[in-house]
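Colleague: Requesting a structural model of the entry that follows:
(2 chains)
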Amino acid sequence: MANALVFIDNPGAALKKSSLELLTIARSLGETAVAITGELNDDVAATLGAYGATTVFQPSVDDLDQYLVGPKAAYLAAAVAASGATAVLLDNSPEGKEIAGRLGIKLNAGVITDVVGVEADGTAHKSVLAGSYNTTAKANTPVTVLSVKANNVEPAPAGAGAAPATATVDVPTDAAANSARIAARTEKPVSGRPDLSDARIVVAGGRGVDGDFGPVEELADALGAAVGASRAATDAGWIGHDAQVGQTGVTVSPQLYISAGISGAIQQKAGMQTSKVIVAINKDAESPVFEIADYGIIGDLFKVLPQATAEIKKRKG
Amino acid sequence: MEETLKIVVLVKHVPDAQFDRHITGPANTTDRDESILSELDEYALEAALQLAEERGGPKAGNEVIALSMGPSGAVNAVKKSLQIGAYSGVHLSDDALAGSDAAATSLALAAAIRHLAADGRPVDLILTGMASTDGETSLVPAQLAERLSLPQVTFASSLEVAGGQVTARRDAGHFSETVEAQLPAVVSVTDQINEPRYPNFKGILAAKKKKIASLSLADIGVDASQVGLAGSWTVVESADARPPRTAGTIITDEGDAGIKLVDFLAAQKLL
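Modeller: As a prediction, the model looks like this:
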């Protein structure tokens, strides 16, 4: 009887860091089972074992990826029943949250999203109202469903773990009824930079870049950072909407956030003010971003950023 | 001419993010003074109005109903929606609803939507924003779809309805996809889908003549114990205001700010 069930959607050839984080949290809650979709690679099975998973569930059907959310929630509900888990952990991606939402209704289980920490009794910590409050929340139901944000725990293997047992879970035959079908999917070109949502460092540009993200991208690459943008920059079409940091874009909480040419209106602040260290570069000394910056430079980003990039390259040799 | 549609748009009255927002009271709920129509819901309303207008608008028999659940002030979100262009409004309000989590909210909204079909005409499409700008969990559209046994199409950045089917484009980080679902469906839209219209003088005058129906829990057949704090499956146990960030060192570039920046990063062990 497992205490915690971790959902990993298509683990692929190697587990992502965020999946290892979920496994690390799950182990602190008790015996851990894992429900995956897609293939179970040998290396992935070994890693799951090393992180303490005792059982890996796989669905009885292989077409879950053709549908949006609904059938995956039905599969996961069946896996919860098979494992007897009282806590279910998912990643905090939009789809992770939606699977969590539908699963909660299926199981009469409380759902807590955007979790940054979980205590042994299931109490969840989160940050709400754009980082202005820290709250604790708890489900009062037999099963708790938690979607957990990345980068809040250090992944730690359990030590010598045996290879987990595998088991197939029957997906209800009507799972795909009343579900949206994915008719076509186009992969976007891979940038080679880290994912914005879980990067350790983010360099973001706004209106002040005036159409030229070159200096922002060069500094990001020197730091191994992800590139972000304000809504003004994405609305102007200077960079893809995926890069938007803010209330209607991606919320980031990196170790370092460098804001270049962004005034720091509330919309943008909401997406980045829980960053550990904030650096701001802006020509306008009155920019609101300077009120929350740990280090602010009143100056021209086209001079400051290239100088910093060159200096970093020099020091890194 | 396309078949006409009956569309319900979920609109939420949320604290204005331009001001400081607070969590108050024994149940750690959000203070709803200084509230406005959630900006993200305007995109859903615009999408609904465009779909209805393509089909001849209200005269042809289309319906665009703005539905808001919330305390007395939430009627303002409905009024604003009517000024922007919604054809009619519904305000679901009951003291017992206070403190509802997403699960309890979705239960009440599902019952209200079933109630709106009691006139014999089923709802074809339920449109929402991509999230509320206060709770930001994005759970309600998914949970509403589950409760109504409907397909959900979330984060649509474009939307077409034809032949009883909705087709939407979704953009995720690494891919974009085309998604199809049969009507009725729950669809949430992003802020990329359109440019919401503003209420004009004519719209504001016209809104005064539009109907707002007030619904209580009794009207929709929901017991008080199923919603609010009593019916919620999650409890917010504590809420602590995070100390505001304070400004650190601010320098003016004298030609070497890039070097100083790198010195700062090195001192913070961020290189």
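
Colleague: which residues touch whichever strand or helix holds A:Glu21?
Modeller: Using DSSP states H and E, A:Glu21 sits in helix A:17-29. Applying CB atoms under 8 Å, 6 or more residues apart in numbering or on different chains, the contact partners of helix A:17-29 are A:3-6, A:8, A:11, A:15, A:32, A:34, A:47-48, A:51-53, A:87, A:89-91, A:118, A:120, A:122, A:148, A:150-156, A:158, A:198. The C-beta positions use only the backbone N, C-alpha and C, and glycine is treated the same way.

Colleague: If we go by neighbour counts, what in that helix is buried?
Modeller: For helix A:17-29, burial by neighbour count (16 or more other CB atoms under 10 Å in any protein chain shown) applies to A:18-27, A:29.

Colleague: Selection in PyMOL covering whichever of the contacts of helix A:17-29 are buried, please.
Modeller: Buried subset of the contacts of helix A:17-29, written as a PyMOL selection, criterion 16+ other CB under 10 Å:
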select buried, chain A and resi 3+4+5+6+8+11+15+32+34+47+48+51+52+53+87+89+90+91+118+122+148+150+151+152+153+155+198
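
Colleague: after the host helix or strand of B:Val187 comes which helix or strand?
Modeller: Following DSSP H and E, one finds B:Val187 within strand B:185-189. Note on strand B:185-189: by DSSP H and E, the next helix or strand toward the C-terminus is helix B:201-207.

Colleague: For that next one, name the packing helices and strands.
Modeller: Helix B:201-207 sits against helix B:75-84, with contacts defined as 3 or more CB pairs under 8 Å, 6 or more residues apart in numbering or on different chains; DSSP states H and E.

Colleague: which strands and helices sit next to the helix it packs on?
Modeller: Using 3+ CB pairs under 8 Å, 6+ apart: helix B:75-84 touches strand B:35-37, helix B:41-54, strand B:63-69, strand B:88-92, helix B:201-207, strand B:212-215.

Colleague: Check these for me and report the most buried one.
Modeller: Most buried of the helices and strands packed on helix B:75-84, by mean neighbour count (mean count of other CB atoms under 10 Å in any protein chain shown): strand B:63-69, with a mean of 26.

Colleague: Parallel or antiparallel, which strands does it pair with?
Modeller: With DSSP bridges as the test, strand B:63-69 is paired with strand B:6-10 (parallel), strand B:88-92 (parallel).

Colleague: Now do the SS call for A:Ala35.
Modeller: Under DSSP: H, G, I helix; E, B strand; the rest coil, the three-state class of A:Ala35 is strand.

Colleague: Beta-bridge partners for it, please?
Modeller: In this structure, A:Ala35 bridges to A:Phe7, A:Phe57 when assessed by DSSP bridges.

Colleague: dump the residue contacts of it.
Modeller: Contacts of A:Ala35 by CB under 8 Å, 6+ apart are A:5-8, A:56-58, A:75-76, A:79, A:83, A:169.

Colleague: mind giving me TSV with the helices and strands packed on helix B:75-84 and columns for mean pLDDT?
Modeller: Formatted as TSV, the helices and strands packed on helix B:75-84 follow (pLDDT from 0 to 100):
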stretch	mean pLDDT
strand B:35-37	85
helix B:41-54	97
strand B:63-69	97
strand B:88-92	97
helix B:201-207	94
strand B:212-215	97
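
Colleague: Residue 198 - nearest residue in space that isn't next to it in sequence?
Modeller: No chain specified, so I'll use chain A. Nearest residue to A:Asp198, sequence neighbours excluded (CB to CB, 6 or more residues apart in numbering or on different chains): A:Ala150, at 3.9 Å.

Colleague: that's the wrong chain, I meant chain B
Modeller: B:Tyr198 sits nearest to B:Ile84 (CB to CB, 6+ apart), 7.4 Å away.

Colleague: Any idea how many residues pack against that neighbour?
Modeller: 23 (other CB atoms under 10 Å in any protein chain shown).

Colleague: With the one 3 residues further on instead?
Modeller: Here the number of neighbours of B:Tyr87 (other CB under 10 Å) works out to 19.

Colleague: Tell me which residues are up against the lowest-mean-pLDDT helix or strand in chain A.
Modeller: Every helix and strand in chain A was compared by mean pLDDT, DSSP states H and E; the lowest is helix A:266-269, with a mean of 78. Contacts with helix A:266-269, where a contact means CB under 8 Å, 6+ apart, come from A:130, A:206, A:230-231, A:245-248, A:262, A:288-289, A:292, B:17-18.
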